[in-house]
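**Q** Sequence first, predicted coordinates after that:
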Amino acid sequence: MSMNAGDFASWIRHAAELVTADADRLTRLDAAIGDGDHGLNLDRGFRAAAEALPEEVSPGKVLGAAGRAIVSKTGGASGPLYGTALRRAGKALGDAADVDAASLGAALRAALEGVQDLGKAVEGDKTMIDALAPAVAAYEAALADGSGLADCVRAAAGAADRGAEATVPMQARKGRASYLGARSTGHMDPGASSTALLLRALGDVVAGEG
Ligand code: ADP
Ligand code: MG
């Protein structure tokens, strides 16, 4: 199986739907350890991304346009981070019209590197990296085992969910939540949770449910 520009556009649109549906939950998570705007930020950003999608172009251009819209419309730390992730992923895909399992894995790896270049967070800092890094690792492990694209994405989405859960006991060392020190423990990181949501959206689309 491979993904074309339309599939990537479906992903962004479905991600926007899931973010809208979950915006209150994401905002509550952020109210506990941040400033209570994460759901709002992402909702605004992904709606703008869904509206900015170009037609009849390459997967790389779809992700690039979505990333630019998110950078310009999403407030907070997460906007530049998610925008960079999408733009880097788009760049990694180049002008290819069809994206196979290996290229999607390289794009996810590029997205992770983009977020880390910008935000300097590592695993264990209680950020979106705690969902994204294990997701990319699980994707690559599934790919190495010979899994197809949909199964690789399923593995990534599952690892992101577990990674988000694992942020609950962590103490934040990056972002706004780090100002709380030890009081940041006992709550799931909102950005890790939204990363898991975005990968679930991708899983739905490649499973034909999006
Ligand atoms: P803000 O914190 O500016 O209000 P959001 O609420 O939209 O922005 O996003 C908060 C999320 O951003 C956090 O839950 C965390 O996952 C993520 N985040 C913050 N700083 C970093 C960083 N340096 N690296 C990676 N992710 C980060
Ligand atoms: Mg916030």
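**A** Right, received. Where do you want to start? Numbering: from 1, shown residues only. Ligands and ions are numbered 1, 2, ... in the order given.
**Q** give the contact list for the residue in the chain positioned nearest to ligand 1.
**A** Shortest the chain-to-ligand 1 distance, computed as C-beta to the nearest ligand atom: residue-wise this is Gly191, at 2.0 Å. (C-beta placed from N, C-alpha, C; glycine too.) For Gly191, the contacting residues are His38, Ala77, Ser78, Leu81, Thr127, Met128, Ala131, Gly175, by C-beta atoms under 8 Å, 6 or more residues apart in numbering.
**Q** Could you give the number of residues near the nearest residue to the second one once chain neighbours are set aside?
**A** Leaving aside its sequence neighbours, Ala77 sits nearest to Gly175 (C-beta to C-beta, 6 or more residues apart in numbering; 5.5 Å). For Gly175, the tally of surrounding residues (other C-beta atoms under 10 Å) stands at 23.
**Q** Any buried residues in stretch 117-130, and which?
**A** Buried residues in stretch 117-130, counting neighbours by 16 or more other C-beta atoms under 10 Å, are found at Gly119, Ala121, Glu123, Asp125, Lys126, Thr127, Met128, Ile129, Asp130.
**Q** That one: end-to-end distance?
**A** 15 Å (C-alpha to C-alpha, to the nearest Å).
**Q** next one: stretch 181-193
**A** Across its full length, stretch 181-193 reaches 20 Å between end residues, using C-alpha to C-alpha.
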